[in-house]
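Structure of the sequence below:
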Amino acid sequence: HGTYEMAGWSHGLRAPDPEISNRFLCSEVAGPDNTAGAQWNRYCNPAVDELLIAAGSEFDEAKKTELLHKAQEIMHEDAYRIFLFASGRNYGVAKGLENFELGRWYKWYGGIHKWEWSE
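Model (predicted):
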């Protein structure tokens, strides 16, 4: 519950208009009273909460974009994360593994049923 020094995490956005507030709201911080919390970084800023909640119920795309940009600016200023690297989605496979292809959404296991091993 927050006694670690570093975390690694990634998630995919599978909706056409992704709603991401559960990853950043104060109420989603996991803890003894909220063991199912989806917000593992323990970041909490009520101003960001307000903007994300408003963006989640906004239908005007320009207004939603403006709200999300404001939230992003605050989060950037808070420096709640320090990114150590950005994956270029490079994959290495052993010699002899045939038919390896990245699946939809760059999942390495997307075509696992087609893999064959040759010598």
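
Show me the protein divided up by domain.
Structurally, the chain divides into domains by automatic domain parsing as follows: 1-86, 91-119.

tell me the most buried of those domains?
domain 1-86 (a mean of 12; mean count of other CB atoms under 10 Å). (Glycine included, C-beta is placed from N, CA and C.)

Quick one: distance of that one to the chain centre.
9 Å (CA atoms, centre = their mean, to the nearest Å).

for the record, mean pLDDT for that domain?
Per-residue pLDDT over domain 1-86 has a mean of 82.

which outside residues touch the lengthiest helix in the chain?
Secondary structure of the chain per DSSP state H: the longest helix is helix 61-78. With CB atoms under 8 Å, 6 or more residues apart in numbering as the contact definition, helix 61-78 has outside contacts at 24, 43, 45, 47, 48, 51, 52, 54, 55, 58.

what two of those have the greatest distance between them?
Spatially, the most separated pair among those is 43 and 58, at 21.9 Å (CB to CB).

Closest one to residue 114 out of the contacts of helix 61-78, please.
Using CB to CB, those come closest to residue 114 at residue 24, 37.7 Å.

Report the separation between that closest one and residue 111.
In this view, residue 24 and residue 111 are 33 Å apart by CB to CB, to the nearest Å.

ditto for residue 94
Distance from residue 94 to residue 111, counting by CB to CB: 16 Å.
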